[in-house]
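1. Sharing a model that was predicted from the sequence below.
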Amino acid sequence: RAPSPSLLAILFERLSICATVLSVAQTLYRSMQRPTLEGSALSEGDAMLEWATVLFFTMEFLLRLYAAPVEPGLWSRRRYVLSCAGLVDLLTIAPFLLQKCRSEGSSQIVIDLAAFADRHDEELRL
């Protein structure tokens, strides 16, 4: 018989579902290409929602990585990172984080990865 999940696990799962629904809704809304004025309350709210969901998904990824079983040898926590769920998590958060890390002093690989993320942002988010 499987143990029942804790209240905290249930709340975290529901929060994760809500964050996913919000992120998909935001992507769908952006895909409708409604004109928004820069600096408007709508664009500021959109940016805040994007930051909140990406930070949540980053935290979730790091928590799952931390909670992944540690096995001796080469495949320790890399097994989670290379799993389907881990790769989906990385592809979800990487474009946003790469765009934010890009600056004048960035290495060429970060600039190239950020440019790739800019070109394929919508596809990687879905």
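-> Alright, I've got the coordinates.
2. Show me how far the helix or strand encompassing residue 25 is from its chain's centre.
-> In the assignment (DSSP states H and E), residue 25 maps to helix 7-31. Chain-centre distance of helix 7-31: 11 Å, with CA atoms, centre = their mean, to the nearest Å.
3. Can you mark which positions in it are buried?
-> Buried residues in helix 7-31, counted by 16 or more other CB atoms under 10 Å: 19, 23, 26. Placement of C-beta: from N, CA and C, glycine included.
4. For these, could you give me a markdown table that also reports distance to residue 48 and pLDDT?
-> Output for those, formatted as a markdown table (distance: CB to CB, whole Å; pLDDT from 0 to 100):
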| residue | distance to residue 48 | pLDDT |
| --- | --- | --- |
| 19 | 13 | 91 |
| 23 | 13 | 86 |
| 26 | 11 | 82 |
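5. want to throw those into JSON lines with distance to residue 52?
-> Converted to JSON lines, the buried residues of helix 7-31 look like this (distance: CB to CB, whole Å):
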{"residue": "19", "distance to residue 52": "8"}
{"residue": "23", "distance to residue 52": "10"}
{"residue": "26", "distance to residue 52": "10"}
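6. Just give me the residue closest to the centre of this structure.
-> Centroid-nearest residue in the chain, with CA atoms, centre = their mean: residue 93, separated by 2.9 Å.
7. is it true that that residue touches residue 59?
-> No: counting by CB atoms under 8 Å, residue 93 does not reach residue 59; the two are 9.8 Å apart.
8. before we move on, back to that, what is whichever helix or strand the residue nearest to the centre of the chain is part of packed up against?
-> Assigned by DSSP H and E, residue 93 belongs to helix 84-101. Here helix 84-101 touches helix 41-67, helix 78-81, helix 108-119, helix 121-125, going by 3 or more CB pairs under 8 Å, 6 or more residues apart in numbering; DSSP states H and E.
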